[in-house]
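**Q** I would like to see how this sequence folds:
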Amino acid sequence: MRIGLDLTNLNPDYRGGSNTYSEGLLQGIISSNYKNNLQVYVNKYYYLKKKLKRKKNKISYVIYERNGLIIFLNKIYNRVFPFLTFFIGKYKYFFDYKIRNFLNTSFKNIVEKNCDILITPNVTLTTYNLKVPTIVNPHDIQQVHFPELFSFKERLLRDYTYYNTVKYSSKIIASLNYIKKDLLKHYTFLKSSKIKVIYAGIDLKKYNSKKLRINKKKDYIFFPSQLWPHKNHLLVLNAYKKYLKKSKKKIKLILSGQNSGKFSDNILYKVQSISPKHIKYLGPISHKKLLEMYKSSICTICPAIYEASALPMLESFALKTFVMISNIPSHIEEAKNYNVLNFKYNSKKSLEKKFLLLDNLKKIDLKKINNRNYNIVKKYSWKNQSIKWLNICTKII
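**A** Below is the predicted model:
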């Protein structure tokens, strides 16, 4: 069985969860003792930035770059076609199918020549008409629930690319049952049997590095997240401000994550309105620094109002750090076997109470909880989760 892994749309400079997921799956397949050749398709910038080698053991990295004319046509297509779809209605799916297949004919030829099956872990298919089976993970359909987070063009583009991806893929992997139900509800033509739920994995070796510099004081709550509205920063900041007025301990709050432009202004203004002695915004940080922040904190907070798999939660468990989550369905499902604090995602009062409760948790109790959570998350190593992907590949071929 010759497997291909399509990572051609990964940007090595992006620090979001989709990159972490895709690269985690790759490392999981490598560590699972997969015995056949694995072809990993990447863009040239990713290949150079990651300093990859063409061939390492049984892994071949293949640079996929379109030629000059196709690059030009693809740019025109991506800029113009989304707006045209506003006028052509349901025919947008047909034209996207035809045009995308044409623009990626060379990719189709490479894959069909060298692979028996193609895995696309990062959202959408590069081309829809492959003769070999395809497995895809669309992560979520955030654009349906929070269209305001996307430009008009992005919403139109996501509409037809997601539609054709779920329609023409052979199998869909959902990271949660919640995401599976969401896909079935929105894409009513889908059959439940086409979607398989496999929880996201975690690279335990990466999260247990002895090179990490740890602050043993553990005197802050850590909130790692891009500054997007659905991450619920304003509720956290308002609840924290009230907590400071009532708490004697006054645990600090430290935030990290990319500034998202127009959505960030209110968040940054609110941060500045709180005592700088107790709160700090670090901006984007390196992955090593992220791990050190997890490990040195008393608690990680995951307060989103919409989420697929909550990577900060899994990363915290892997580093034996306590977690506080909002009570949205995806969080509750993913945390069902773990010991966590949860609060109402739309209630400042509920979160304020959890902050105050955190004041009174004893270190010995937290240590027991963190050790238990760590022993559970070990079962979800990327090695174990990738084997489930490989088993599906075997069944499909």
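**Q** Give me the neighbour count for I63.
**A** 15 (other CB atoms under 10 Å). Glycine gets a C-beta too; all of them are placed from N, C-alpha and C.
**Q** how much space between it and Y34?
**A** Using CB to CB, to the nearest Å, I63 is found at 22 Å from Y34.
**Q** ditto for N266
**A** Distance of N266 to Y34, computed by CB to CB: 47 Å.
**Q** Direction included, what does the helix or strand containing I221 pair against?
**A** Using DSSP states H and E, I221 sits in strand 220-224. Looking at strand 220-224 with DSSP bridges, its partner strands are strand 252-256 (parallel), strand 299-302 (parallel).
**Q** Can you lay out these as CSV showing mean pLDDT and mean neighbour count?
**A** Formatted as CSV, those follow (pLDDT from 0 to 100; neighbours: other CB atoms under 10 Å):
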stretch, mean pLDDT, mean neighbour count
strand 252-256, 96, 20
strand 299-302, 96, 26
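**Q** how about the nearest residue to I369, chain neighbours excluded?
**A** Using CB to CB, 6 or more residues apart in numbering and skipping residues adjacent in sequence, the residue nearest I369 is N339, 4.5 Å away.
**Q** Next: N327.
**A** That would be N342: by CB to CB, 6+ apart, it lies 4.8 Å from N327.
**Q** Doesn't the residue nearest to I369 belong to a helix?
**A** No: counting by DSSP: H, G, I helix; E, B strand; the rest coil, N339 falls outside a helix, being coil.
**Q** outside of the strand holding I221, which residues touch it?
**A** When contacts are defined by CB atoms under 8 Å, 6 or more residues apart in numbering, strand 220-224 is touched by residues 233, 236, 251-257, 290, 293-294, 296-301, 303, 312, 321, 324, 355, 358.
**Q** list the helices and strands the helix or strand just after that strand packs on?
**A** Downstream of strand 220-224, the first helix or strand assigned by DSSP H and E is helix 233-246. In terms of contacts (3 or more CB pairs under 8 Å, 6 or more residues apart in numbering; DSSP states H and E), helix 233-246 is packed against strand 252-256, helix 265-272, helix 348-360.
**Q** buried ones in the last one?
**A** In other words, helix 348-360. 348, 350-356, 358 (16 or more other CB atoms under 10 Å).
**Q** and the residues you listed as TSV, adding pLDDT?
**A** Formatted as TSV, the buried residues of helix 348-360 follow (pLDDT from 0 to 100):
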residue	pLDDT
K348	95
S350	97
L351	97
E352	96
K353	96
K354	96
F355	96
L356	95
L358	93
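**Q** which residues touch stretch 289-296?
**A** 206-207, 209, 212-218, 220, 222, 224, 254, 256, 282, 285, 300, 312, 315-316, 319-321.
**Q** and the strand holding I221, C-alpha only, in CSV?
**A** Output in CSV follows, covering the C-alpha atoms of strand 220-224 (Å, rounded to 0.1, in the frame of the first residue of the first chain):
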residue,chain,number,x,y,z
TYR,A,220,-0.4,32.4,36.4
ILE,A,221,-3.3,31.2,34.3
PHE,A,222,-2.3,30.8,30.6
PHE,A,223,-4.5,31.7,27.7
PRO,A,224,-2.9,30.7,24.4
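**Q** List the buried residues for that strand?
**A** Buried residues in strand 220-224, counted by 16+ other CB under 10 Å: 220-224.
**Q** What mean pLDDT does it get?
**A** On average, the pLDDT along strand 220-224 is 96.
**Q** distance between it and the chain's centre?
**A** Counting by CA atoms, centre = their mean, to the nearest Å, strand 220-224 is centred 19 Å from the centre of its parent chain.
**Q** That one versus helix 233-246: what angle between them?
**A** Angle between the axes of strand 220-224 and helix 233-246 is 170 degrees (criterion: axes from the mean of the first three to the mean of the last three CA atoms, to 10 degrees).
**Q** Give the next helix or strand downstream of the helix or strand of the chain with the lowest mean pLDDT.
**A** Every helix and strand in the chain was compared by mean pLDDT, DSSP states H and E; the lowest is strand 55-56, with a mean of 70. Proceeding N to C from strand 55-56, the next assigned helix or strand is strand 59-63, under DSSP H and E.
**Q** Right, I'll leave it there.
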